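A.B. asks: coordinates only, sequence not included:
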């Protein structure tokens with residue numbers, strides 16, 4: 001991992017020269033929880049400006065980085081970092097919480113994330129994903145296997161957003177999925193549907209051991225409880 005990160009920094013420095021302000025690793029890898037098989041190396045790359053010229057210089061680097069199995073770095077100008085926390089409070093909160101500066105200045109250190117925008121984005125993301133879940137479920141409800149797969153695929157995203165629902169409420173929230181599910185009890189959520197889906201996802205349970213229809217009903221109810229909790233927070 002360290003070799004890959006150093007090579008990324010070296011390539012960026014060579015390509016972008018004095019336009020490169022900062023390279024920051026964020027997420028699980030920045031906190032020592034990186035798992036080579038399942039975890040991405042998430043990187044924020046900050047330049048003095050981002051024009052087609054900078055993008056052209058970065059293109060071969062980004063192609064190489066994606067070929068290593070990682071998402072393309074987030075590419076922002078220094079000015080955009082300063083003025084985007086109201087648009088992307090969840091993302092900047094994640095970067096602020098777990099980050100490691102690989103090169104340059106810590107451009108995130110003094111950012112202020114407005115709780116009003118943070119709460120609004122958490123609710124918007126939760127409601128959007130809930131609506132999509134209902135839409136998709138509406139076309140597979142009679143297909144038990146497809147319904148189960150839909151829930152299994154969706155549970156990581158809902159737990160990540162539920163974590164932010166806890167944080168914006170001023171409540172403790174860990175990073176591990178099962179830890180988050182347990183902590184949701186503090187806002188009246190039953191963790192059982194989440195735990196069941198995680199068991200299926202991790203192959204600790206077999207599909208034949210679970211009845212998808214009542215599980216889906218309970219799963220939806222818990223998500224709706226999280227949404228209602230965020231909606232009641234001070235706006």
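C.D. replies: Ah, there it is. A quick note: this is a predicted structure, and the numbers were derived from the prediction, not measured.
A.B. asks: Show me what the helix or strand harbouring residue 151 packs onto, helices and strands only.
C.D. replies: Per DSSP states H and E: residue 151 is located in helix 144-168. Applying 3 or more C-beta pairs under 8 Å, 6 or more residues apart in numbering; DSSP states H and E, we find helix 144-168 packed against helix 89-97, helix 115-138, helix 177-183, helix 192-201, helix 212-232. To be clear about C-beta, it is placed using only N, CA and C from the backbone, and glycine gets the same treatment.
A.B. asks: Reformat the ones you listed into TSV and put distance to residue 81, mean pLDDT and mean neighbour count next to each item.
C.D. replies: As requested, those are exported to TSV (distance: least, C-beta to C-beta, whole Å; pLDDT from 0 to 100; neighbours: other C-beta atoms under 10 Å):
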stretch	distance to residue 81	mean pLDDT	mean neighbour count
helix 89-97	8	95	19
helix 115-138	15	97	16
helix 177-183	28	96	18
helix 192-201	34	97	19
helix 212-232	26	98	17
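A.B. asks: how many neighbours does the closest residue to residue 47 other than its chain neighbours have?
C.D. replies: Leaving aside its chain neighbours, residue 47 sits nearest to residue 19 (4.9 Å; criterion: C-beta to C-beta, 6 or more residues apart in numbering). A total of 18 residues lie near residue 19 under the criterion other C-beta atoms under 10 Å.
A.B. asks: Tell me the secondary structure of residue 43, please.
C.D. replies: At residue 43 the chain is in strand, as set by DSSP: H, G, I helix; E, B strand; the rest coil.
A.B. asks: partner residues bridging it?
C.D. replies: Beta-bridge pairing of residue 43 under DSSP bridges involves residue 25.
A.B. asks: Verify the stated contact: it with residue 22.
C.D. replies: No - if you go by C-beta atoms under 8 Å, residue 43 and residue 22 don't touch, sitting 10.4 Å apart.
A.B. asks: center of the chain - which residue?
C.D. replies: Taking C-alpha atoms, centre = their mean, the centroid of the chain lies closest to residue 160, which sits 6.2 Å from it.
A.B. asks: In CSV: the helices and strands packed on helix 144-168, plus distance to residue 69.
C.D. replies: Below are those laid out as CSV (distance: least, C-beta to C-beta, whole Å):
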stretch, distance to residue 69
helix 89-97, 20
helix 115-138, 25
helix 177-183, 21
helix 192-201, 20
helix 212-232, 30
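A.B. asks: Check which residues of the helix holding residue 151 are buried.
C.D. replies: Residues of helix 144-168 classed as buried under the neighbour-count rule (16 or more other C-beta atoms under 10 Å) are 144, 147-148, 150-152, 154-155, 158-168.
A.B. asks: What of stretch 102-110?
C.D. replies: Those would be 102, 103, 104, 107, 108, for stretch 102-110 by 16+ other C-beta under 10 Å.
A.B. asks: For residue 203, state which of these is nearest.
C.D. replies: residue 102 (35.2 Å; C-beta to C-beta).
A.B. asks: Model confidence score at the residue lying closest to the closest one once chain neighbours are set aside, please.
C.D. replies: The shortest distance from residue 102 to any non-neighbouring residue, by C-beta to C-beta, 6+ apart, is to residue 23 (4.4 Å). Residue 23 carries a pLDDT value of 98.
A.B. asks: would residue 23 count as being in a strand?
C.D. replies: Yes - judged by three-state DSSP, residue 23 forms part of a strand.
A.B. asks: so it makes contact with residue 103?
C.D. replies: Yes - between residue 23 and residue 103 there is a contact at 4.2 Å, judged by C-beta under 8 Å.
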